[in-house]
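J.: Could you look at this predicted model? Sequence included:
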Amino acid sequence: MNWKYLRPFPWVDTRARFVAGTPIGGALLDLGSSTGETLGHIHQLRPDLRLRAFDLHGAPEAYPPGCEYQRGDLERTPFQWPEASMDAVTCMQVIEHLRDLTHLIQETKRVLKPGARVFFETPHPRTLTLSSCPGPAAGTFCMNFADASCHTRLVPMGLLAEYLRDAGFEILNSGTSRNWVFAAAYPLLAFFPASRRKFTSQTHWLGWSAFLIARKNRDAGGGAAQRRGDSNR
């Protein structure tokens, strides 16, 4: 879906609703940018934003024009951008790949402006019990959390919220991440043969992803999460 069509009603997509709230002309950093598909959607919705990207295995040649890219490890590489330089940070389908979130959270706090927001999205706990794609489609689409060998651990939003509060963030919202257009299409697509479109629609229907939005406190300092490290590594 081209996100430019969501400009009049970004609320139909949880990600788009967050991006739409970024200040005009602001700087947005996307962590774990991968192939740039999400960055492309963000640019479609908000071409005014100054985009930044960070990933260990990114594809900067596919990113929107003018996007600044840094290659690095989210568990140990310092971000190249100055303190308090970002108006928003997005981190979508990333934290489930990491063993330690301490560095990511602290660097996110450092580069965010006071009062600016961060958006996290990760597989919902219900993905632990979902069936894998059936028949010949098995292994072609990640439906159960364990279908992806790169998944390290599931991160419940309550645990992530604890880490963020300790680091100096205020939790604004959390819940299930959906695109309601895709979700609404599933009752029809359910009768169609297996395809990426069908499975994508099914994940939005089921509520495959959880999200959390937090805001950097204006007086945020070093928190307990930084001092103690990630208790689950």
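T.: The structure has been received and is ready for your questions.
J.: Next, count neighbours for the residue lying closest to Ala146 once chain neighbours are set aside.
T.: The spatially closest residue to Ala146, leaving aside those adjacent along the chain, is Leu128, at 7.7 Å (C-beta to C-beta, 6 or more residues apart in numbering). To be clear about C-beta, it is placed using only N, CA and C from the backbone, and glycine gets the same treatment. For Leu128, the neighbour count with other C-beta atoms under 10 Å is 11.
J.: Please renumber the chain so that the first residue is 214 from this point on.
T.: Right, with 214 as the first residue, what we last looked at is Leu341.
J.: Now do the same contact list for Leu341.
T.: Residues near Leu341 by C-beta atoms under 8 Å, 6 or more residues apart in numbering: 357-359, 367.
J.: got CSV for those, with pLDDT, neighbour count and secondary structure too?
T.: Formatted as CSV, the contacts of Leu341 follow (pLDDT from 0 to 100; neighbours: other C-beta atoms under 10 Å; DSSP: H, G, I helix; E, B strand; the rest coil):
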residue, pLDDT, neighbour count, secondary structure
Asn357, 97, 15, coil
Phe358, 97, 20, helix
Ala359, 97, 13, helix
Leu367, 97, 17, coil
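J.: Taking the residues you listed, tell me the two that lie furthest apart.
T.: Asn357 and Leu367 (11.3 Å; C-beta to C-beta).
J.: Need the overlap of contacts for these two.
T.: Between them, Asn357 and Leu367 share these contacting residues under C-beta under 8 Å, 6+ apart: 340-341.
J.: Need the contacts of Leu341 in a markdown table (columns: distance to Lys322).
T.: Compiled in a markdown table, these are given as follows (distance: C-beta to C-beta, whole Å):
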| residue | distance to Lys322 |
| --- | --- |
| Asn357 | 33 |
| Phe358 | 28 |
| Ala359 | 31 |
| Leu367 | 23 |
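J.: Could you single out the nearest of those residues to Ser298?
T.: Nearest member of the contacts of Leu341 to Ser298, counting by C-beta to C-beta, is Leu367, at 31.5 Å.
J.: just checking, the closest one touches Arg339?
T.: No. The pair formed by Leu367 and Arg339 falls short of the contact definition of C-beta atoms under 8 Å, at 10.2 Å.
J.: ok, and the closest non-adjacent residue to the most centrally placed residue in the chain?
T.: A centroid search over the chain (C-alpha atoms, centre = their mean) returns Met305, at 1.5 Å, as the residue closest to the centre. Closest residue to Met305 apart from its sequence neighbours, by C-beta to C-beta, 6+ apart: Glu334 at 4.3 Å.
J.: Report the contact partners of the one you found.
T.: Residues near Glu334 by C-beta under 8 Å, 6+ apart: 227-228, 304-306, 390, 422-424.
J.: SS state for the residue lying closest to Gln293 once chain neighbours are set aside?
T.: Excluding its sequence neighbours, the residue lying closest to Gln293 (C-beta to C-beta, 6+ apart) is Gln283, at 4.8 Å. When classified by DSSP: H, G, I helix; E, B strand; the rest coil, Gln283 comes out as strand.
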